[in-house]
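Participant: the sequence and its predicted three-dimensional model are supplied below.
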Amino acid sequence: MNPGVDLSRGAEDVPVLCEGPSWPDFQYFSGNVQGPGCPVDPGEITLPGCSCLSRSCCSESCCCLQMYGRAYDDDAAGRLLDLHRADSGYCSPLFECNALCSCSEACSNRVVQKGLQASVQVFHTGDKGWGARTLEDIPCGTFVCEYAGEVIDFGEARRRQLSQTSEDNNYIIAVREHAATGSVTETFVDPAQKGNVGRFLNHSCLPNLFMLPVRVHSVVPRLALFAGQDIKAQEELTFDYSGGYGTQRPAGAAQASETDALARKACRCGSNSCTRFLPLDLSVLSSH
């Protein structure tokens, strides 16, 4: 059976296969792109690098690891997220070595920046529309893909949200990171027209992926999705739109009292813990 065409058109190291006969209409980008209101180009290198000359950085000498801690553990299956660190609250900043670092491309602190490595297929789920599934086994803790798209500001996110109809899919994710000083950093990503395979991931009340903001070359975080459990080939890839790990919340559909265009949508994840409705976040529609 023909597994489908490559939606990424070579933008990814591995093809993003899609079953035909028709395909979604959007521009594929493997990473974030600058959108309206975003003052920083997500592709611009703005973070300093380490001066390590070793093949792989170690905590004793690498300023990146000393400042932010080691995020990944080497394992027989590859470089896996340190789940003990993640279990501590999913709110610690996660930084990788970047293009200005002197360490090699083989450094163990370079994972998300290598992009999609697993074979993934976009497919018709039926009642949920498009979805994405893995074509290979994925061990727990593995980076799977980004949720990449246009990085926009609050005003643009609000404008786009209000312009949606009840038939439109809402793709906008609002990530809020809380610092110890009490400050809050907000990042809005919309892959509706420009995005990657992450735009096809459906919500589940019992997901197999979780999201963490990861900074690589830029202060703009990448919304990285990691396996929260061992995932078998042919399983659909899902994450919790409500931000179950305390880092991300979708700019969800508003109630009819807020806007005539949007209404809360039913959840069709089918899990035993299903809440019956997709998560709702009205913050993008409020005053800022």
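Facilitator: Done, it's in.
Participant: for residue 47, give me phi and psi.
Facilitator: phi -100, psi 140 (degrees, to the nearest 10).
Participant: same question for residue 61.
Facilitator: phi -130, psi -20.
Participant: grab the nearest non-local neighbour of it.
Facilitator: In this structure, residue 61 finds its nearest non-sequential neighbour in residue 52, 6.1 Å apart by CB to CB, 6 or more residues apart in numbering. In this view, the C-beta of every residue, glycine as well, is placed from N, C-alpha and C.
Participant: the one you found against residue 101, yeah?
Facilitator: Yes. Between residue 52 and residue 101 there is a contact under CB atoms under 8 Å: 6.8 Å.
Participant: which residues of this structure score low on pLDDT?
Facilitator: 1-3, 84-92, 243-263, 280-282, 285-288 (pLDDT under 70).
Participant: quick check: the gap between the residue nearest the centre of it and residue 218.
Facilitator: Geometric centre of the chain, nearest residue: residue 147, 2.9 Å, by CA atoms, centre = their mean. With the distance defined as CB to CB, to the nearest Å, residue 147 ends up 16 Å from residue 218.
Participant: ditto for residue 129
Facilitator: Residue 129 is 32 Å from residue 218, by CB to CB.
Participant: between the two, who's got more neighbours?
Facilitator: residue 218 (19 against 12; other CB atoms under 10 Å).
Participant: measure stretch 108-118 end to end?
Facilitator: 18 Å (CA to CA, to the nearest Å).
Participant: you'd agree residue 65 is in a helix?
Facilitator: Yes. Assessed by DSSP: H, G, I helix; E, B strand; the rest coil, residue 65 belongs to a helix.
Participant: contacts only, for it.
Facilitator: Residue 65 makes contacts with 57-59, 109, as judged by CB atoms under 8 Å, 6 or more residues apart in numbering.
Participant: of these, keep whichever come out buried.
Facilitator: 57, 109 (16 or more other CB atoms under 10 Å).
Participant: next step: the contacts of residue 65 restricted to strands.
Facilitator: Secondary structure defined by DSSP state E assigns none of the contacts of residue 65 to strands.
Participant: turn the contacts of residue 65 into TSV, columns for distance to residue 206.
Facilitator: TSV is the format used below for the contacts of residue 65 (distance: CB to CB, whole Å):
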residue	distance to residue 206
57	36
58	38
59	35
109	31
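Participant: from the contacts of residue 65, pick the one nearest residue 44.
Facilitator: residue 109 (20.5 Å; CB to CB).
Participant: ignoring the adjacent residues along the chain, who's closest to the closest one?
Facilitator: residue 97 (4.5 Å).
Participant: so the one you found makes contact with residue 51?
Facilitator: No. Counting by CB under 8 Å, residue 97 sits too far from residue 51 to count as a contact (11.0 Å).
Participant: which residues of the chain fall in helices?
Facilitator: Per DSSP state H, the chain carries helices over the ranges 63-68, 83-87, 154-162.
Participant: in CSV: the ones you listed, plus distance to residue 202.
Facilitator: Shown next, in CSV, are the helices of the chain (distance: least, CB to CB, whole Å):
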stretch, distance to residue 202
helix 63-68, 32
helix 83-87, 22
helix 154-162, 20
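Participant: residue contacts, residue 188?
Facilitator: 151-154, 156-157, 172-175, 251, 284.
Participant: at 6 Å instead, please
Facilitator: By CB atoms under 6 Å, 6 or more residues apart in numbering, residue 188 lies in contact with 152, 157, 174.
Participant: so what's it bridging to?
Facilitator: On DSSP bridges, the residues paired with residue 188 through beta bridges are residue 152, residue 174.
Participant: distance of it from residue 179?
Facilitator: 18 Å.
Participant: do the same with residue 195
Facilitator: 28 Å.
Participant: swap in residue 106?
Facilitator: In terms of CB to CB, residue 106 sits 32 Å off from residue 179.
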